[in-house]
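> Sequence plus predicted model, see below.
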Amino acid sequence: MVHIAPGHGPEDFELGMEFGIEAFCPVDENGKFSQEAGEKFAGMNARKSNADIVQYLRTKGLIFYDHTLEHRYGHCWRCDSPIIYRTTSQWFLKITQIKELMLEEIDKVRWTPDWAGSSREYDWAVNARDWCISRQRYWGIPLPVWKCQCGEMKVIGSVAELKGADGFRDGMELHRPWIDAVTLKCEKCSGRMKRVPDVLDVWFDSGVSSWAQLGFPGSRKELDRWWPAKWITEAHDQTRGWFYSQLAAGCIGFERAPYESVLMHGWILDPQGQPMSKSRGNVIEPAEVIGEHGADALRFYMMKANAPWEDIAFQHEGVKNARRTLNVFWNVCNFATTYMSIDHFDPASVEFAALQSSLRVEDRWLISRSERLKNEVAKHIESFELHKACRALEEFILEDLSRWYVRLIRDRMWREEGDMDKIAAYRVLHDSLMSLSKLMAPFCPHITEEVYQSLDGSKGSIHMQDWPAPDLTKADDRLEGSMSLVKEIVEIVTRERQSRGVKLRWPLKRLAIKAKTRETLDSLRSLEAVLSSQANIKSVEFVNPDEDWKDMILNVIPNPMAIGKVYRQWSSKIAILLKSRPACQIKESIEKGEYSLGIEGQMIKIEPNMVSFTTSLPPDVTSVPFSEGEVYVDFQMTPDIEAEGFARDLIRRIQQMRKDMDLDVEEFITAKVRASAKLIEFFKVWRDHIMKETRAKDITFTHEPGGESVVNWEVEGEEIEVGVTSLHTKESVGQFSVIPGLSRNGALGLVEAGYKSPADLRSLPEEKIAEIKGVSKTDARKITHYVHKTGLGAELSCPECGSLIKEGSETCPSCGKSLVAKGGSMPRDKLIPFLLRVPRMNRVKAEMLYDAGFDSIEKLEAASKDEIRQVKGIGAKTAEKIIAYVHAGGFKNPVKCEKCGASIPPDALTCQSCGVEAPSEIVEEGEVEEEAEVITAEDYKLEPSFTYLIKEDKAERSYGFFVKALAEGLSGFCVTRNYPLKIKAKHNIGDTPVIWLSNVGKENTLRPKDLEKLSVSLEQFITAAEPGKGSIVLLDGLEYLITNNNFLTVLRFVQSLRDQIAIKNAILLMALNPSTLEPHELNLLEKEVDVTM
RNA sequence: GGGCCCAUAGCUUAGCCUGGUUGGAGCGCCCGGCUGAUAACCGGGAGGUCAGGAGUCCAAAUCUCCUUGGGCCCA
């Protein structure tokens, strides 16, 4: 049995047509049954009467089966009420007639994604029915069909055709209701033709939009130029919408599709993946997102989130993330422009060709990456894979620029102006940012415009620039490949550091790289600088593919079976001795044919079958495989490394304090540091560096560090107390601002050179001023002019702050001090520093002078020698010196530092740029350090067969013992790090042989790495000693041996040496500075000696 | 009821067309680093039955079919 209602649905209607069943439609426009439904139901709501109808049929006995079926039913999209289909008379476009053409055209169009055309649109067109274009509405384009009562119809094609019609006026409104008043005369029956009241389906408007917007058919001009459209884009709901209506209209009007390619994009769904709608209440307002994260961030997120044709479940996090990427981009640009503008860098003034020789590998690498990016982005945009374009951009910004290139060039940014190395980096970075901005411009129009304007902007808007064309000849696969290996290795080192708890600030001793191929090794070699700087490694070694790393430790394994067979009772002793000797020495000797050991006075020969050898990693070395081989990371700590690590840590803490004190980056400071003696030694080595990095004019090491800010830090278990005081140079810079036209750099240069006010410059000729760093020639001229020519108060300076003041001024314009009492007293602590610069002067004398009334420079200048002599505590000679100093202008003129040449103001005790003491005799009350009681040679008797470890900074005591032993008739042997002639001169050791540990390679020197040779020499000396006459060995330079080898190797050497000493009744003295060893190392060493003192 | 698309870590996703080392990222989480890009930045770790099921194949996240769930367009 079939249910069919040809009057109520298209399928049923078509089936009815096919089988000749009438389209019976007994429902009126209000959804009520009409008279046709019969008297009983007429006027009833068609949907609500279902139960009545069933009941009626049942009473008539016409019901066979009564059941409820669940099925989908069409509802109004707007009010959601069920719809009733009615058959009515409508106007149609006969699509079925052009279906074949449409299918062909769909095939010709380029669809993105492919299935949007080949599957979706095609499927829709195949099933397309004739297009009903009439609507029974009021608003809309009136259907241009006029109909006469006689049945005659006329379709109007243009306004011109309406001319002369009744009710028509030129320029009249052509919509309802006015158009309905226009009537035509029927050409057939002379009756009035009236317009059909329908309007057109709105999709018909959309369908003709491609040419309607070009003014066609009014004019062909624009149509010929622009039509068909190159590209259109809409979401996937437009398969039957705009894509279709345009296609149908185009095929009817022009027999072709009005577009060449289509991008069918997705929807933005809510975070749960549901479409946004007002009724659901899940709409996210773009304006709010833009307000929070910015328009570019929203755009960039939506572009990169997924393919354009896929729906996006909108995520706030995603926008936030995009914003972070853009922020990094912004930071990089900011970083670049900050430095570039400081140096007034103008890319146009630098010929790229001229930079070729200054380019570093990392520069070439970035160029290569940039060119590849251009290529990639263009490719992705052309295939509409905008997400891929954006991801490539993001990757470049984060990985290549921010995480790598900027890090690599940071150091270069602080070079002096005009440094080619820096300019090369500027240029490469600038070019790269320019093309990056252009590539990003379509996605992030605002930020890129801003960046472009700050980078150049000379050519108007970024959006008017040419698209950057890639130059793949500058792309270098090999370089990019080896750079990514370097990155990989840096990551390995970072990871290993982390697992061992070694901070990046602490340098590592070395890294060895063994590569699978020589090519890889060579290309890595060219990036050595990058590698060592980024991984903070002191030295990098390269190991050829077919070789072992030379520092792999050779271990000797005694074969007890073979040894036991020959030397039964000594077998275990031999094994122990063998293990305590350097394995390489054993191996070498055995390979030469013979190796012997001395045991209990016997020489024992070791045969090759008695030992075997293995290699193992040196202590503190980790080996990690990487994609092209293996790396060995050496974590051994040496005093050098420790010193550098602590120095860097100190720098870091001082920087933190500067930051906490809100100091300007250009401000100078002085620092005072309290720390353990060991650390102070370290800091002294790095003093200059620490001062440079922290912009400190002075660093002193004291027990009570005071200052504006004092902080106790703990670094690697060590306590460090740091006091930082700002020098307030910013204020001093202000002093120079009275000079008209002086540049900021110039003012800063003057301050840095130690000048406090313009008055300080009075005695300097213009050429000298121009020599001051940062002061340009123009600056110098302005300064000279101001100081000498302005006349106004040129000779006066404020006694309080030293700045120039006009004659007649009652107060100082800089510090506000009253100037009425001219030549009046200066504060004690202001004048004392001036005085202390006088030769023979000390604090006590200075104070006495001050107390005696010489309390200003003027008074001192005016005083005679005799007057000064009157002061208690000042002798004739001192008075003489003071007068001489005054006459030489010592209180007025700065002097040149003997070391660095910088100018030292007359009241400064040390040179502010290099820290050297000012060139005059400064006598300060020094603290006398108490010395702990120590055992010295005078009251101690050394025992034969003993090994002594003598802990001391300098080997004084050790030499004391040694010299005493020599005097007692022992034959001596000295191994030292010190130059032998010095040793001989300093200590009375006569002809005693001295071996110098050094790499110079002269006679009587030994390379510190050559422990074997040292061991042999010592063995020879001990065994060669005359019977009955004792022998003594002084080993001074253990630290040096340890730094050049590693601790365990040296320890083994000591063990072996000690055995020899014991056997031969000799004495061994080892001098050592205990702070150069780790505590556990010291323990190990102490265990190997008989006496520590 | 029909056509098309989608499903991978807590979340957002790459990889699928053209099957093949150990399924990559980002966010979040946990742990570190850095501090002259700093209302930033960098590294490491944990976290996966590739929706479920069947098939093809030496081999399946990937190809085929089915099921389930979601989206779009229609009916």
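Perfect, thanks for sending it.
> how near is the closest residue to A:N536 other than its chain neighbours to RNA strand B?
The shortest distance from A:N536 to any non-neighbouring residue, by Cβ to Cβ, 6 or more residues apart in numbering, is to A:P507 (5.0 Å). C-beta here means a position set from N, CA and C on the backbone, and glycine is covered the same way. Taking Cβ to the nearest atom of the strand, to the nearest Å as the measure, A:P507 falls 11 Å from RNA strand B.
> How about A:V155?
A:V155 sits 26 Å away from RNA strand B, going by Cβ to the nearest atom of the strand.
> Give me the phi and psi angles of that residue.
Main-chain dihedrals, A:V155, degrees, to the nearest 10: phi -100, psi 120.
> looking at it, the residue nearest to A:N536 is touching A:A535, isn't it?
No: with contact defined as Cβ atoms under 8 Å, A:P507 does not count as touching A:A535 (9.3 Å).
> Is there a neighbour count for the residue of chain A found nearest RNA strand B? I'd like the number.
Of all residues in chain A, A:N331 sits closest to RNA strand B, with a separation of 2.7 Å (Cβ to the nearest atom of the strand). Counted by other Cβ atoms under 10 Å, the residues lying close to A:N331 total 14.
> now do A:K147
Look at A:K147: counted by other Cβ under 10 Å, it has 16 neighbours.
> Run through the bridge partners of it.
Here A:K147 sits in beta bridges with A:M153, A:K194, as judged by DSSP bridges.
> What parts of the stretch 351-500 of chain A come near RNA strand B?
Proximity of the stretch 351-500 of chain A to RNA strand B is confined to A:398, A:402-403, A:406-407, A:410, A:413-414, A:491, A:494-495, A:498 under the rule Cβ under 7 Å from any atom of the strand.
> helix/strand/coil for the residue of chain A closest to RNA strand B?
Put simply, A:N331 is helix when judged by DSSP: H, G, I helix; E, B strand; the rest coil.
> Leaving out the residues flanking it, which one is nearest to it?
A:S402 is the one closest to A:N331 (Cβ to Cβ, 6+ apart), at 7.3 Å.
> Please look at that neighbour and A:V328 and confirm they touch.
Yes: if you go by Cβ under 8 Å, A:S402 and A:V328 touch, sitting 4.9 Å apart.
> circling back to that earlier point, widest-spaced pair of the residues of the stretch 351-500 of chain A next to RNA strand B?
The largest separation in those, counting by Cβ to Cβ, is between A:W414 and A:R495 at 29.4 Å.
> List the contacts of A:L57.
Residues in contact with A:L57 (Cβ atoms under 8 Å, 6 or more residues apart in numbering) are A:I63.
> Make sure A:W242 is actually in contact with A:S206.
Yes: with contact defined as Cβ under 8 Å, A:W242 reaches A:S206; the gap is 5.2 Å.
> got the buried residues for stretch A:149-159?
The neighbour-count check on stretch A:149-159 (16 or more other Cβ atoms under 10 Å) flags A:154, A:156 as buried.
> How many residues are close by A:V710?
Residues contacting A:V710 under the criterion other Cβ under 10 Å number 16.
> Look up phi and psi at the residue lying closest to it once chain neighbours are set aside.
Computed as Cβ to Cβ, 6+ apart, the closest residue to A:V710 that is not its neighbour in sequence is A:G723, at 4.4 Å. Per-residue torsions, A:G723: phi -120, psi 130 (degrees, to the nearest 10).
> Would you check how far apart A:G723 and A:A671 are?
Using Cβ to Cβ, to the nearest Å, A:G723 is found at 7 Å from A:A671.
> any residues in contact with both of the two?
Between them, A:G723 and A:A671 share the contacting residues A:705, A:707, judged by Cβ under 8 Å, 6+ apart.
> which of these two has more neighbours?
A:A671 (24 against 21).
> Residues of the stretch 601-750 of chain A that sit close to RNA strand B?
With Cβ under 7 Å from any atom of the strand as the criterion, the stretch 601-750 of chain A comes near RNA strand B at residues A:648, A:652, A:655-656, A:659, A:665-666, A:693-695.
> out of the residues you listed, what pair is the most spread apart?
Greatest spacing in these, by Cβ to Cβ: A:R648 and A:E666 (21.7 Å).
> Who has more neighbours out of those two?
Taking neighbours as other Cβ under 10 Å, A:R648 and A:E666 compare with A:R648 leading, 21 against 13.
> hang on, the more buried one packs against A:E642?
No: counting by Cβ under 8 Å, A:R648 stays clear of A:E642, with 10.8 Å between them.
> intersection of neighbour lists for these two?
Here A:R648 and A:E642 have A:W506 as joint contacts, going by Cβ under 8 Å, 6+ apart.
> Break down the stretch 951-1093 of chain A into its helices, ranges please.
With DSSP state H, counting those that start in this stretch as the criterion, the stretch 951-1093 of chain A has helices at A:956-967, A:980-986, A:1011-1024, A:1038-1044, A:1047-1063, A:1079-1087.
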